[in-house]
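Participant: here is my input, please return the structure:
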Amino acid sequence: MRRLETHVDTASATYRAYREHNLALADELRTTLHAAKHERTQKALDRLAEQDKLTVRRRLELLLDPGTPFLEFSALAANRHYDGEAPQALLVTGIGVVSGREVVVIANDSSLKGGAWYPITTRKIVRALEIALENGLPVVHMLDSGGANLHLQDEIYATAGHIFKQQCQLSAAGIAQLAVVFGYCTAGAAYTPTLCDQTIMVRERGAIFLAGPPLVKAATGEIVSTEDLGGADMHTSVSGVADYAVDSEVDALELARDVIAMWARRGKADVDRRAPEPPYHDPLELYGIIPDDVKKQFEMREVIARIVDGSLFHEFKPDYGDTLVTGWAFLWGMKVGILGNNGVIYSEAANKAATFMQLCDRDGIPLLFLHNVTGFMVGREYERRGITKDGAKMLMVQANVTVPKLSVLCHASQGAGNYAMSGRTWDPRFLYAWPNSRSSIMGPEVAADTLTHVRVSALRRQGTDPTPEEIASIRDDVIAHFEETYHSYYLTSDLRDDGLIDPTDTRNTLGMSLSAVLNTPIVRTPGGVLRI
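Facilitator: Sure thing, here's the model as predicted:
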């Protein structure tokens with residue numbers, strides 16, 4: 001491998017302007033994340049204290065091994081939905097280290113709305129369990145929720161069943177699950193702890209039942225207390241639904257660590273490894289490399305040089321299909337095959353990508369996709385040269401490789417280019433986005449031109465000739481809609497990624513993600529490699 005050279009002029013006006021712009025985005029991201037994770041009204045905090053409950057963040061601190069990182073998912077989920085009343089979708093999910101073992105944590109945040117489930121909450125749980133299934137990771141469920149938000153029950157009901165199905169699939173796969181019950185688990189939510197291998201309950205706080213005392217009275221006339229109906233002592237000494245009863249949340253989390261310490265350790269997948277080393281080129285320079293406008297281009301090799309070990313990279317076909325960079329590197333000592341866009345995808349780039357992915361699939365090398373793509377090239381000449389056919393080859397190979405795939409939206413990620421680079425709907429193991437990134441079926445201006453033409457043509461067929469002002473209004477409405485819905489904050493709010501990350505955190509985020517995927521064997525695909 002050779003060290004990537006840099007051609008960045010850190011003294012240039014362009015670099016300084018980009019750096020100022022991206023530092024502001026990074027500061028906005030930090031501020032927004034802090035608010036979503038930690039900022040709660042005093043009234044909400046007082047309510048938790050009255051109930052002798054800890055905040056979800058304090059529970060995490062007590063569960064995780066001290067000094068170890070926590071790879072949090074979708075920390076800004078629902079922040080642009082439900083009028084902002086459900087930050088993080090009232091749920092914390094991620095991968096952490098407990099008693100020396102990597103585990104997926106799913107933790108209700110009951111500081112607001114009693115930790116009620118919103119539609120995005122259920123989707124966030126489903127995504128966390130999907131990550132556990134794909135990567136063979138045990139799960140700790142930290143349960144404290146008031147149940148479904150009944151005003152949105154139709155959307156919740158449509159997805160919540162997946163949660164229990166996935167729990168059954170985890171059990172069938174021999175993947176351990178532990179429930180720690182801090183609050184109520186009512187109705188369908190009662191199945192989450194009962195589908196786990198072991199369950200810990202906090203006395204006088206935790207409860208599991210299909211119907212609470214008021215509903216039991218309404219349905220049967222029976223009058224029964226919460227503790228007698230579904231409390232910790234009843235379930236651990238009479239029904240056998242739970243396994244351990246403790247007196248406090250601190251005791252529950254200490255016991256949870258002991259239980260997890262008894263779980264069998266799993267070996268990591270056998271992949272090429274070497275001693276990790278930091279990038280030779282300074283990752284902080286990414287702030288001055290990424291443009292201040294998604295329509296402006298940059299050199300993806302400059303990004304790769306600030307993410308991978310030693311800034312060392314063996315490039316595949318460096319002089320062919322140059323709008324897509326392909327090659328091998330090590331990231332935190334783990335070998336990866338990298339595909340990074342330098343703009344639009346031409347036939348040559350698509351064919352190069354297809355061959356490169358086959359090579360990585362044959363050798364069991366995880367793939368990392370770095371998105372900066374506006375789509376596949378269009379036009380008469382390119383159609384005659386077979387761009388659709390060549391794009392289909394890239395899609396076919398990418399969809400069917402068996403090695404793990406990780407994606408980062410670094411800038412633009414538009415149209416079929418997003419699909420070809422393993423966007424969300426193409427099921428990468430993990431997908432992250434930078435705050436400057438934008439993703440949609442096409443850019444706002446192109447969409448505005450297209451839809452304005454369609455609407456104006458329709459009006460004229462109906463006998464109406466819109467004025468220039470009316471045409472401008474139609475175009476402005478389309479642009480406003482696209483500007484909102486292709487923005488990184490909207491997309492992460494709707495779980496279109498696994499989280500917004502600061503560009504300078506990319507290396508660490510990917511390192512933890514690669515460590516997670518190596519908990520399952522990497523299957524090498526037999527067969528020849530086509531020189532497409």
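
Participant: show me where pLDDT drops low in this structure?
Facilitator: In the prediction, the chain carries no residues with pLDDT under 70.

Participant: report all helices and strands that the helix or strand hosting Glu20 contacts.
Facilitator: Using DSSP states H and E, Glu20 maps to helix 13-38. When contacts are defined as 3 or more CB pairs under 8 Å, 6 or more residues apart in numbering; DSSP states H and E, helix 13-38 sits against helix 286-289. Using the backbone N, CA and C atoms, a C-beta is placed for each residue, glycine as well.

Participant: which outside residues touch the helix it packs on?
Facilitator: For helix 286-289, the surrounding residues in contact (CB atoms under 8 Å, 6 or more residues apart in numbering) are 8, 10, 15-16, 18-19, 22-23, 26, 298-299, 302-303, 306, 503-504, 506.

Participant: just stretch 502-510 next, same as before
Facilitator: With CB under 8 Å, 6+ apart, stretch 502-510 has contacts from 22, 26, 29-30, 69, 71, 279, 283-284, 286-287, 290, 306-308, 331-332, 368, 406, 408, 410, 432, 434-435, 501.

Participant: likewise stretch 112-124?
Facilitator: Stretch 112-124 is contacted by residues 40, 44, 73-74, 77-78, 81-82, 85-87, 89-91, 93, 108-109, 144-149, 152, 155-156, 158-160, 162-163, 183, 189, 493-495 when judged by CB under 8 Å, 6+ apart.

Participant: give me the buried subset of these.
Facilitator: 40, 73-74, 77-78, 81-82, 86-87, 89-91, 93, 108-109, 144-149, 152, 155-156, 159-160, 162-163, 183, 189, 493-495 (16 or more other CB atoms under 10 Å).

Participant: from the residues you listed, which land in strands?
Facilitator: Counting by DSSP state E, the part of the buried ones among the contacts of stretch 112-124 found in strands is 73, 91, 93, 108.

Participant: ok so, going back, can you turn the buried part of the contacts of helix 286-289 into a PyMOL selection?
Facilitator: Per 16+ other CB under 10 Å, the buried members of the contacts of helix 286-289 correspond to this PyMOL selection:
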select buried, resi 8+15+18+19+22+26+298+299+302+303+306+503+504+506
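
Participant: wait, is Leu45 part of a strand?
Facilitator: No - judged by DSSP: H, G, I helix; E, B strand; the rest coil, Leu45 forms no part of a strand; its state is helix.

Participant: wait, it sits on Val56?
Facilitator: No - counting by CB atoms under 8 Å, Leu45 stays clear of Val56, with 12.0 Å between them.

Participant: neighbour count for those two, which is higher?
Facilitator: Val56 (23 against 12; other CB atoms under 10 Å).

Participant: the nearest residue to the more buried one once chain neighbours are set aside and Asp144, how far apart?
Facilitator: Of all residues not flanking Val56 in the chain, Asp109 sits nearest, at 4.3 Å (CB to CB, 6 or more residues apart in numbering). Separation of Asp109 from Asp144 (CB to CB, to the nearest Å): 8 Å.

Participant: for Ala264, same thing?
Facilitator: 28 Å.

Participant: same check on Val238?
Facilitator: Counting by CB to CB - Val238 and Asp144 are separated by 23 Å.

Participant: just to revisit the earlier point, who's in contact with the residue nearest to Val56?
Facilitator: Counting by CB under 8 Å, 6+ apart, Asp109 touches 55-56, 88, 90-92, 115.

Participant: can you pull the contacts of the closest residue to Lys405 other than its chain neighbours?
Facilitator: Spatial nearest neighbour of Lys405, chain neighbours left out: Pro428 (4.2 Å); criterion: CB to CB, 6+ apart. Residues in contact with Pro428 (CB under 8 Å, 6+ apart) are 369, 405-407, 422.

Participant: in which helix or strand does the closest residue in space to His38 that isn't next to it in sequence reside?
Facilitator: Ranked by CB to CB, 6+ apart and with sequence neighbours excluded, the top spatial neighbour of His38 is Arg57, at 6.7 Å. Per DSSP H and E, Arg57 falls inside helix 56-63.

Participant: please enumerate the strands of the stretch 151-300 of the chain.
Facilitator: 177-181, 184-186, 198-202, 207-209, 244-246 (DSSP state E, counting those that start in this stretch).

Participant: could you dump those strands to a markdown table with distance to Thr520 and mean neighbour count?
Facilitator: A markdown table is the format used below for the strands of the stretch 151-300 of the chain (distance: least, CB to CB, whole Å; neighbours: other CB atoms under 10 Å):
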| stretch | distance to Thr520 | mean neighbour count |
| --- | --- | --- |
| strand 177-181 | 17 | 26 |
| strand 184-186 | 29 | 24 |
| strand 198-202 | 23 | 26 |
| strand 207-209 | 31 | 24 |
| strand 244-246 | 30 | 21 |
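
Participant: wait, which of these is closest to Met357?
Facilitator: Distance to Met357, taken as CB to CB, is lowest for strand 177-181 among the strands of the stretch 151-300 of the chain, at 33.9 Å.

Participant: off-centre distance for that closest one?
Facilitator: Centroid separation for strand 177-181 versus its chain: 23 Å, with CA atoms, centre = their mean, to the nearest Å.

Participant: partner strands of that strand and their direction?
Facilitator: If you go by DSSP bridges, strand 177-181 pairs up with strand 139-143 (parallel), strand 198-202 (parallel).

Participant: restricting to C-alpha, output the last one in PDB.
Facilitator: In other words, strand 198-202. Extracted in PDB, the C-alpha atoms of strand 198-202 (Å, rounded to 0.1, in the frame of the first residue of the first chain):
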ATOM      1  CA  GLN A 198     -33.700 -13.900  31.700                       C
ATOM      2  CA  THR A 199     -35.600 -11.000  33.300                       C
ATOM      3  CA  ILE A 200     -34.800  -8.800  36.300                       C
ATOM      4  CA  MET A 201     -37.500  -6.700  37.900                       C
ATOM      5  CA  VAL A 202     -37.400  -3.800  40.400                       C
END
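
Participant: which residue ranges make up the domains of the chain?
Facilitator: Using automatic domain parsing, the domain parsing of the chain gives 10-39+268-441+487-532, 53-261, 444-485.

Participant: can I get these in JSON lines including distance to Leu4?
Facilitator: Below are those laid out as JSON lines (distance: least, CB to CB, whole Å):
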{"stretch": "domain 10-39+268-441+487-532", "distance to Leu4": "4"}
{"stretch": "domain 53-261", "distance to Leu4": "27"}
{"stretch": "domain 444-485", "distance to Leu4": "33"}
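
Participant: quick one: Glu102 is in a strand?
Facilitator: Yes - the assignment for Glu102 is a strand, going by three-state DSSP.

Participant: check contacts around it.
Facilitator: 95-96, 137, 515-516, 519.

Participant: returning to what we had before: give me the common contacts of Leu45 and Val56.
Facilitator: The contact sets of Leu45 and Val56 overlap at Ser111 (CB under 8 Å, 6+ apart).
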